[in-house]
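S.K.: Give the three-dimensional model of this entry:
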Amino acid sequence: MGLYHNITAQNHTMAELEALLDGLKIAADCSIVPIGIELDSIEVIEALEDTQPIYATRINSCKLLMKRLGNPLVHHSFRQATKVADFLSRLGTKLTPSTQATILSTPPDHTLSLIKDDQQGLISTKQVLRTICNKLACFDNLAVIANYGDNVDANRPPNGVTP
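M.R.: Down below sits the predicted model:
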């Protein structure tokens, strides 16, 4: 299942939180369990761990739904690894803002090649600063851990970084 719509938000993090909340609502309403959550927004992952007042209402709603869904793990993934979600996000920006999301029970035709690439394990690369890699490793970004295994130990946080 998937969804898209045009979200009016104060900033990027609020829009990402709203999209997460919509996805969690669908998973809860349709009893889709177990689920895993992959986000390309470090800010949202940090907000889920340390609620800031500006995001408190959305964060609390997300946490409540996550509890109903068995407390799924939240992982960071690069946008290159979440191409279908990125495609649907761009599709939503072309719509008139609304309160209702378009819910998809089958993938749109334009996403089929992206899904096929994902199923085949097609890999794309991205250059990232070592300091960012260290931070992402703390958010269980396995791509960073796999690519920088000598520098980032999956069993302990990198020097100077607290998970």
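
S.K.: Against Glu38, how distant is Leu69?
M.R.: 14 Å (C-beta to C-beta, to the nearest Å). Using the backbone N, CA and C atoms, a C-beta is placed for each residue, glycine as well.

S.K.: Give me the residue at the spatial middle of the chain.
M.R.: Leu39 (1.6 Å; C-alpha atoms, centre = their mean).

S.K.: Now that residue. Nearest residue, chain neighbours left out?
M.R.: Closest residue to Leu39 apart from its sequence neighbours, by C-beta to C-beta, 6 or more residues apart in numbering: Ile45 at 5.8 Å.

S.K.: Now for Gln127: which residues touch it?
M.R.: Residues in contact with Gln127 (C-beta atoms under 8 Å, 6 or more residues apart in numbering): none are found.

S.K.: Where is the longest helix in this structure?
M.R.: Taking DSSP state H as the criterion, the chain has its longest helix at helix 12-29.

S.K.: one step back: surely the residue nearest to Leu39 is within a helix?
M.R.: Yes. Under DSSP: H, G, I helix; E, B strand; the rest coil, Ile45 sits within a helix.

S.K.: start at 12 instead
M.R.: Sure thing, new numbering starts at 12, so read that last one as Ile56.
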